[in-house]
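# Predicted coordinates and the sequence they were generated for:
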Amino acid sequence: MAPRIQWTAPEGFSVSAIHWPQPHHLKTPGSGHYIYDDELVLLVDVTPPTQLPGLRTVSLMASVQWLACRDVCVRGESKDSLTLPVAGADTAESLQHPRLFKRARERCPRAGHRLVPAALERWDGELVLIVRLPDESIVDPNKVYFFPEEEDIVDPGAAQFATGSPGRVEIRMQPSDPLRPLPDFVRGVLVTGPAAGDSWNIAARSVPKLPQGTEGGSSIPKNSSETRPVDSGA
């Protein structure tokens, strides 16, 4: 279970979805899990209204749920609040714990919080993710791994098979449930290298199965020498 945060903010404020840092893939006998270890800092954008007349402080409240595992997994939850002074733009950089925020930003995917469009299709009982990256960098298939944000889409215990060309990545994955319809969009983090910043926020549109060789259809053959199984990628 991924961490979940339910925010309560003053009228006129908005809180973004979580900007997920790059996770890790933990293999266990017969299964697999997407995890964060050690310290975890989750970033969100809090946007105030254009004017805050008469306010000297602003209070935010968060109801948080998570799953922590060692020998066994235990669910945790807490309710926290934060009160901040209303200040001008010239004080925006005087943050507490600047190193903590800096490390958290470095672990987030490239291109800031912008989503990279992609396509997800069913192909011969598998899921095929096709991504065109914003740059033309060469991708090492041995380092590629897709972490879906939604649960029960991709089987975390099965290997992923990737191939890459400049600016393009294709990944074959096993679905968690072959009979479950795909949602219209599947979001997640695509890892393309060993460094913490070698990742991208992906928003993949589900497309119908297309005949092989047509535009949008998968170009990954079943036993191609160009495809490589990837167990982790992070």
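It's in. Numbers count the residues shown, from 1 in each chain.
# can you list the domains in the protein?
Using automatic domain parsing, the domain ranges for the chain come out as 4-107, 116-230.
# Present these as TSV; the columns should include mean neighbour count and mean pLDDT.
C-beta here means a position set from N, CA and C on the backbone, and glycine is covered the same way. Formatted as TSV, those follow (neighbours: other CB atoms under 10 Å; pLDDT from 0 to 100):
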stretch	mean neighbour count	mean pLDDT
domain 4-107	12	83
domain 116-230	17	78
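# Please, which helix or strand holds residue 158?
Using DSSP states H and E, residue 158 sits within no helix or strand.
# next one: residue 39
In the assignment (DSSP H and E), residue 39 maps to no helix and no strand.
# how far away is it from residue 11?
33 Å (CB to CB, to the nearest Å).
# likewise residue 41?
Residue 41 is 28 Å from residue 11, by CB to CB.
# Over to residue 178?
46 Å.
# Can you classify the residue lying closest to residue 81 once chain neighbours are set aside as helix, strand or coil?
The shortest distance from residue 81 to any non-neighbouring residue, by CB to CB, 6 or more residues apart in numbering, is to residue 61 (4.6 Å). Of the three states, residue 61 takes strand according to DSSP: H, G, I helix; E, B strand; the rest coil.
# got it, and the one 4 residues further on?
The three-state assignment at residue 65 reads strand, by three-state DSSP.
# Tell me the bridge partners for it.
Going by DSSP bridges, residue 65 is paired in beta bridges with residue 4, residue 77.
# Residue 74 is in contact with that one, correct?
No: here residue 65 lies out of contact with residue 74, judged by CB atoms under 8 Å, at a distance of 11.8 Å.
# Which of the helices or strands spans the nearest residue to residue 169 once chain neighbours are set aside?
Take residue 169 and drop its neighbours on the chain: the residue closest to it by CB to CB, 6+ apart is residue 131, 4.6 Å away. Per DSSP H and E, residue 131 falls inside strand 126-132.
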